[in-house]
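In: structure of the sequence below:
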Amino acid sequence: SLLQKQSARLICSTLRTNIMDWTDVVALLISIAVPLLAGVVGAATTSSQITTWYAKLKKPSWTPPNWLFGPAWTTLYILMGTASWVVWRQGGFEAQAQPLSIYIASLVLNFLWTPLFFGMHLMKVALADMLALLGLEVACVLTFSPVIGAPTTLICLGPLIAWTSYATALTVAIIGLNPDKAAGGSGAEREKLLPPQGAAAN
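Out: I've put the predicted structure just below:
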């Protein structure tokens, strides 16, 4: 589409403007590799839950197919890593401590969501994590824009906010459709935590 072509041209132009030598290339690769590797590790450690626990959950009709999550997050990680690198290029962490600190905090919350939701099945805690993440992503846009410009910021982080908003709505819907499983753990595990019948009377 025309928008995709314009976005690609803007990103390529930004890269050409900011890449000065091989150290910039290394820094760019690291900026992209950090979120990508963390995402891969998180997905690998919880992948078994996709076809077992997650498959058994009731989900709304607008739930995306499982195969879409990988390509979507890969694209988003590349975009957000590139945006963080462009910000870093403007004086490093010393000059851009605020936007980069917000970005790092958003990465932490981003990577926590997978083990919270898929690993520990703590859907409500995962929802709280995602709401906080959404707030940090908006803060990233607000703090990145003065540094690298609104067009570059929105192209790199706009899709991330849109996807996180969609994922938040999806999480809310799944919790609503599965109230008995929203607390985390299996039913058998929760029963072990309950006192035996009549224990309270003693």
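In: look up how far Ala72 lies from Ala162.
Out: In this structure, Ala162 and Ala72 are 10 Å apart, going by C-beta to C-beta, to the nearest Å. (Glycine included, C-beta is placed from N, CA and C.)
In: settle it for me: which of the two has more neighbours?
Out: For Ala162 and Ala72, the more surrounded residue by other C-beta atoms under 10 Å is Ala72, and the numbers stand at 15 against 11.
In: helices and strands around whichever strand or helix holds the more buried one, which ones?
Out: Remark: Ala72 resides in helix 66-88, with elements defined by DSSP states H and E. Packing contacts for helix 66-88, counted by 3 or more C-beta pairs under 8 Å, 6 or more residues apart in numbering; DSSP states H and E, involve helix 2-18, helix 22-46, helix 97-114, helix 123-148, helix 150-177.
In: that one: which residues count as buried?
Out: 73, 76-88 (16 or more other C-beta atoms under 10 Å).
In: check stretch 31-42 too.
Out: Buried residues in stretch 31-42, defined by neighbour count with 16+ other C-beta under 10 Å: Ser31, Ile32, Pro35, Ala38, Gly39, Gly42.
In: pull the contacting residues for the fifth one.
Out: So the one you mean is Gly39. By C-beta atoms under 8 Å, 6 or more residues apart in numbering, the contact set of Gly39 is Trp73, Thr74, Tyr77, Phe111, Thr114.
In: then the last one?
Out: By C-beta under 8 Å, 6+ apart, the residues touching Gly42 are Phe111, Thr114, Pro115.
In: roughly how far apart are the residue nearest to Lys124 when sequence neighbours are not counted and Ile175?
Out: Leaving out its chain neighbours, the residue that sits closest to Lys124 by C-beta to C-beta, 6 or more residues apart in numbering is Ala182, at 5.4 Å. Distance, Ala182 to Ile175, using C-beta to C-beta: 5 Å.
In: these two - which one has more neighbours?
Out: Ala182 (19 against 16).
In: which residue, neighbours along the chain excluded, lies closest to Ile148?
Out: Val86 is the one closest to Ile148 (C-beta to C-beta, 6+ apart), at 4.7 Å.
In: that neighbour contacts Gly149, correct?
Out: No. Val86 lies out of contact with Gly149 (C-beta atoms under 8 Å); the separation is 9.2 Å.
In: flag the helix or strand of this protein with the lowest per-element mean pLDDT.
Out: Counting by mean pLDDT, DSSP states H and E, the weakest-scoring helix or strand in the chain turns out to be helix 187-193, with a mean of 43.
In: re earlier: any idea which of the contacts of Gly42 is closest to Ala167?
Out: Closest to Ala167 out of the contacts of Gly42 is Thr114 (11.2 Å), distances taken as C-beta to C-beta.
In: quick revisit: tell me the mean pLDDT over the helix holding Ala72?
Out: Averaging pLDDT along helix 66-88 yields 90.
In: that one versus helix 150-177: what angle between them?
Out: With axes from the mean of the first three to the mean of the last three C-alpha atoms, to 10 degrees as the basis, helix 66-88 and helix 150-177 are set at 140 degrees to each other.
In: perfect, that will be all.
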